[in-house]
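Participant: Sequence first, then the predicted structure, then my questions.
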Number of protein chains: 2
Amino acid sequence: MTPAARSRTATRSRLLEAARLRFQEQGFDGTTVRDIATDAGVDAALIKRYFGSKEGLFTEITLADVSIGRLLEGERSTVGYRMAAELTGKETSPGMETVMRSLGTPAVADRYEAELHERFVVPLAAWLGGRDARLRAGLMVSVLNGIAVSNAVLGQRSLSDAKSSAMTKHVGAVLQSLIDG
Amino acid sequence: MTPAARSRTATRSRLLEAARLRFQEQGFDGTTVRDIATDAGVDAALIKRYFGSKEGLFTEITLADVSIGRLLEGERSTVGYRMAAELTGKETSPGMETVMRSLGTPAVADRYEAELHERFVVPLAAWLGGRDARLRAGLMVSVLNGIAVSNAVLGQRSLSDAKSSAMTKHVGAVLQSLIDG
DNA sequence: CCTTTAAGTCAACATCTGTTGACTTTCAAC
DNA sequence: GTTGAAAGTCAACAGATGTTGACTTAAAGG
């Protein structure tokens, strides 16, 4: 039957969830494997066994599963607003906030830079076309990163206590103006 | 006369300069006092003597000397562009990039949040007026933070290799659209 | 019930880090 | 020169951290 008490998959999940919360609040360097293990109710040695290392665990959490493709379908004049709705809805992609808290770790920053460039900036610039396409795509990404910084670090003030609808409206307008050039 | 070889002020300056570079590239946690001292050609113990602690040194470097007031003078319809010109000119405020690399350190993030809110968001929102003034001010700050992230972390790609004039034009347009509401 | 295999624990390691206080060198003033 | 204060060095501490391998516990299969 299913081993309830000592389940490999269940323990792995609890470690992942604990790590998600810790990394998101304290970044990679600020989080210790003992913190995570204690939160999950197990020993820190299991992190090495299940994920290879602390860095392996972090990588598994922040692995980008975002694809730009789906967002670019449909009416071009409303893409900016739909991107804004996607981003400001619910939680603002906890993975991005986690990365923002870990930019001091060169390995994290380098990987994020590469993924962002390859999977976001380049295809977006190609889709944009026109003048300064690469620059406009880079600025759109910068806007999203800036909002992630605000959400992750600057806490609940300024942005978080704003109505979601107003947030979507203004962010959408900014993105759309960069799309239209 | 002036003690040339063993000068307190000269050594202090060299420590500050070395720390600036290290903190900007590796963040607060990623930088050790031994790194800084070696770069400056002195012993790490002097950091404690001259700055009290590693954190004291960091604080002295990233102390915000930006004031929003001067930027808001003059023609309202061109404020966004002037802000963009100020930000994209020369280096993009190394202090901001340094902070972006150190957001994982709660003390740094908290201080930055407080300073940004008090010295930037609040006065800017008051100056803006109109609908969603606080939200629009927060978004303007987010845009600036996002660009700092790109410059600090994402390296030379996307933004850095763009012409300064084009950069100013597009960032200015974004900021101005948030000003106009 | 006994055995085997996986899950989990434990203590210790090797390293790194900020800080500290005692010691040494420099150099200007007398 | 001698002296005395300032500038700088040095070794060591005290704590934290990721990792490792040996040991222990649990549970399924026969």
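Facilitator: Cool, the structure landed. Numbering: from 1, shown residues only, chains lettered A, B, ... in the order given.
Participant: what about the helices in chain A?
Facilitator: Ranges of helices within chain A are A:8-30, A:33-40, A:45-51, A:54-62, A:79-88, A:94-100, A:106-116, A:122-128, A:133-152, A:164-180, based on DSSP state H.
Participant: Could you provide these in CSV, with additional columns for distance to chain B?
Facilitator: All C-beta spots, glycine's among them, are computed from the backbone N, C-alpha and C. Output for the helices of chain A, formatted as CSV (distance: least, Cβ to the nearest Cβ, whole Å):
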stretch, distance to chain B
helix A:8-30, 3
helix A:33-40, 13
helix A:45-51, 19
helix A:54-62, 12
helix A:79-88, 11
helix A:94-100, 6
helix A:106-116, 5
helix A:122-128, 9
helix A:133-152, 3
helix A:164-180, 5
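Participant: Would you reformat those helices as CSV and include distance to DNA strand D and mean pLDDT?
Facilitator: What follows is these, written out as CSV (distance: least, Cβ to the nearest atom of the strand, whole Å; pLDDT from 0 to 100):
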stretch, distance to DNA strand D, mean pLDDT
helix A:8-30, 8, 96
helix A:33-40, 4, 98
helix A:45-51, 4, 97
helix A:54-62, 4, 95
helix A:79-88, 30, 88
helix A:94-100, 15, 89
helix A:106-116, 12, 91
helix A:122-128, 32, 95
helix A:133-152, 20, 93
helix A:164-180, 35, 94
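Participant: I'd like these laid out as a markdown table, including mean neighbour count.
Facilitator: Formatted as a markdown table, the helices of chain A follow (neighbours: other Cβ atoms under 10 Å in any protein chain shown):
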| stretch | mean neighbour count |
| --- | --- |
| helix A:8-30 | 19 |
| helix A:33-40 | 18 |
| helix A:45-51 | 16 |
| helix A:54-62 | 18 |
| helix A:79-88 | 20 |
| helix A:94-100 | 24 |
| helix A:106-116 | 18 |
| helix A:122-128 | 18 |
| helix A:133-152 | 24 |
| helix A:164-180 | 19 |
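Participant: of these, which approaches residue B:169 most closely?
Facilitator: With respect to residue B:169, and counting by Cβ to Cβ, the nearest of those is helix A:133-152 at 9.4 Å.
Participant: Alpha carbons of that closest one, as CSV, please.
Facilitator: Taking C-alpha atoms only, helix A:133-152 is exported to CSV below (Å, rounded to 0.1, in the frame of the first residue of the first chain):
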residue,chain,number,x,y,z
ALA,A,133,12.6,46.4,-30.9
ARG,A,134,15.4,44.9,-28.7
LEU,A,135,15.4,47.9,-26.5
ARG,A,136,11.6,48.0,-26.1
ALA,A,137,11.6,44.3,-25.3
GLY,A,138,14.3,44.9,-22.7
LEU,A,139,12.3,47.7,-21.2
MET,A,140,9.1,45.6,-21.0
VAL,A,141,11.1,43.0,-19.1
SER,A,142,12.5,45.7,-16.9
VAL,A,143,9.0,46.9,-16.0
LEU,A,144,8.0,43.4,-15.0
ASN,A,145,11.2,43.0,-12.9
GLY,A,146,10.6,46.3,-11.3
ILE,A,147,7.1,45.3,-10.2
ALA,A,148,8.5,42.0,-8.9
VAL,A,149,11.0,44.0,-6.8
SER,A,150,8.3,46.1,-5.4
ASN,A,151,6.1,43.1,-4.6
ALA,A,152,8.9,41.1,-3.1
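Participant: distance between it and the chain's centre?
Facilitator: Distance of helix A:133-152 from the chain centroid (Cα atoms, centre = their mean, to the nearest Å) equals 12 Å.
Participant: what inclination does that helix have with respect to helix A:8-30?
Facilitator: With axes from the mean of the first three to the mean of the last three Cα atoms, to 10 degrees as the basis, helix A:133-152 and helix A:8-30 are set at 100 degrees to each other.
Participant: Helix A:133-152 - contacts with which helices or strands?
Facilitator: Using 3 or more Cβ pairs under 8 Å, 6 or more residues apart in numbering or on different chains; DSSP states H and E as the contact test, the elements touching helix A:133-152 are helix A:79-88, helix A:94-100, helix A:122-128, helix A:164-180, helix B:133-152, helix B:164-180.
Participant: try 7 Å this time
Facilitator: helix A:94-100, helix A:122-128, helix A:164-180, helix B:133-152, helix B:164-180 (3 or more Cβ pairs under 7 Å, 6 or more residues apart in numbering or on different chains; DSSP states H and E).
Participant: ok, the residue most central in space within chain A - contacts?
Facilitator: The residue lying closest to the centre of chain A (Cα atoms, centre = their mean) is residue A:96, at 2.1 Å. Going by Cβ atoms under 7 Å, 6 or more residues apart in numbering or on different chains, residue A:96 touches residue A:148.
Participant: how close does it sit to residue A:153?
Facilitator: 12 Å (Cβ to Cβ, to the nearest Å).
Participant: same thing with residue A:74?
Facilitator: Counting by Cβ to Cβ, the gap from residue A:74 to residue A:153 is 33 Å.
Participant: Can you pick out the residue with more neighbours from these two?
Facilitator: residue A:153 (23 against 10; other Cβ atoms under 10 Å in any protein chain shown).
Participant: Noted, bye for now.
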